[in-house]
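*Asks:* Model the following, please.
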Amino acid sequence: MSRLLIFGLGYTATHLAARLRDEGWQVVGTTRDGRGETIAFDDEPRVRAEIAAATHLLSSVPPADGGDPVLARYGATLREHRGWIGYLSSTGVYGDVGGAWVDESAAVGTGRRGARAEADAAWLALGARVFRLPGIYGPGRSALDRVRAGTAHRVAAPGQVFSRVHVDDIASGVIAAFDGPGGAYNLADDTPAPQNEVVAFAARLLDMAPPESIPLDRLSPAARGFYTENRRVATGKAKRVLGWAPTFADYRAGLRALNATTSPISVSSPPPSASGVQR
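*Replies:* Numbering: from 1, shown residues only. Presented below is the predicted three-dimensional model:
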């Protein structure tokens, strides 16, 4: 029986866990407090036992206080593990390239995400499959939800583009890598685009007026940070080595699918932001 231990049951990892359980996998995950059927991250005896029992391990926990919490506490045990290991990283490790395409051979560690780049390298040293992810969207977390809630905006940033990836395509990429070699893999759609286009398209799907356009200096410092880096994410390696391809090759396909399966008025709270929590 295949058994996956996930460090950090955040938004993306929860989607992956549900898919694998539907396929007959045993999936166990850690959270900070161990509520429900999860394991508390600090419960070292239980976590070490689960590491020993797992055929596959995946971490979605981001760096904290300048280091990787999983490696800091369980790194020695993980180095003894002989099964499959994966890590959800970020394309932020590439820094700013002025809108150029970046693949896995590009330099890392030059941007805002120094701690992430160090964690990325440390997981690669363990032989992990490291998935470098751009902006993640999916059910409950997309431009559609922000437009509906009135929190979306367009930003005056000519020439700025972002790559993005649907959460279902991350899950399929991780699963494809179960049979792939260790190394870094970019997972993204095929159509990097300005955020303004995405927001305007979401508004059209909802038959709503597009939100106002605001200057960069009206954004919070954290939000402005995203606009200091400009890149297009290439995924040729994942397609060639893993046989993976995104189901949602551009934001239009992804948002149309989400709009077709969501009600006009959300009756549940949105999922937490990806910032500062597990991916």
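*Asks:* And the helices in the stretch 1-150 of the chain, which stretches?
*Replies:* With DSSP state H, counting those that start in this stretch as the definition, the stretch 1-150 of the chain shows helices at residue ranges 11-22, 44-53, 69-79, 114-125, 143-149.
*Asks:* just the stretch 151-279 of the chain next, same as before
*Replies:* 167-176, 195-205, 221-226, 236-237, 251-261.
*Asks:* nearest to residue 176, of the helices of the stretch 1-150 of the chain?
*Replies:* With CB to CB as the criterion, residue 176 lies closest to helix 11-22 of the helices of the stretch 1-150 of the chain, at 12.0 Å. C-betas here are computed from N, CA, C, even on glycine.
*Asks:* didn't residue 184 look like it was pressed against residue 127?
*Replies:* No. Contact criterion CB atoms under 8 Å: residue 184 and residue 127 do not qualify, at 11.9 Å.
*Asks:* which of these two has more neighbours?
*Replies:* residue 184 (23 against 14; other CB atoms under 10 Å).
*Asks:* gap between that one and residue 89?
*Replies:* 8 Å (CB to CB, to the nearest Å).
*Asks:* picking that back up, which of the helices of the stretch 151-279 of the chain is buried the deepest?
*Replies:* helix 167-176 (a mean of 22; mean count of other CB atoms under 10 Å).
*Asks:* pLDDT on it, on average?
*Replies:* The average pLDDT within helix 167-176 is 98.
*Asks:* One more: stretch 40-58?
*Replies:* The model assigns stretch 40-58 a mean pLDDT of 97.
*Asks:* Go ahead and name everything in contact with that stretch.
*Replies:* The contact list for stretch 40-58 (CB atoms under 8 Å, 6 or more residues apart in numbering) reads 2-8, 13, 16, 28, 30-34, 39, 69, 73-74, 77-78, 81, 83-88, 174, 178.
*Asks:* Show me the shaky parts of the protein.
*Replies:* Within the chain, the ranges that satisfy pLDDT under 70 run 263-279.
*Asks:* Now with 90, please.
*Replies:* 1, 34-37, 65-66, 110-114, 156-158, 212, 215-228, 262-279 (pLDDT under 90).
*Asks:* Relative to residue 216, which of the helices of the stretch 1-150 of the chain is closest?
*Replies:* It is, among the helices of the stretch 1-150 of the chain and with distance given as CB to CB, helix 143-149, at 17.9 Å.
*Asks:* Return the list of helices and strands in contact with that closest one.
*Replies:* Applying 3 or more CB pairs under 8 Å, 6 or more residues apart in numbering; DSSP states H and E, we find helix 143-149 packed against helix 195-205, helix 251-261.
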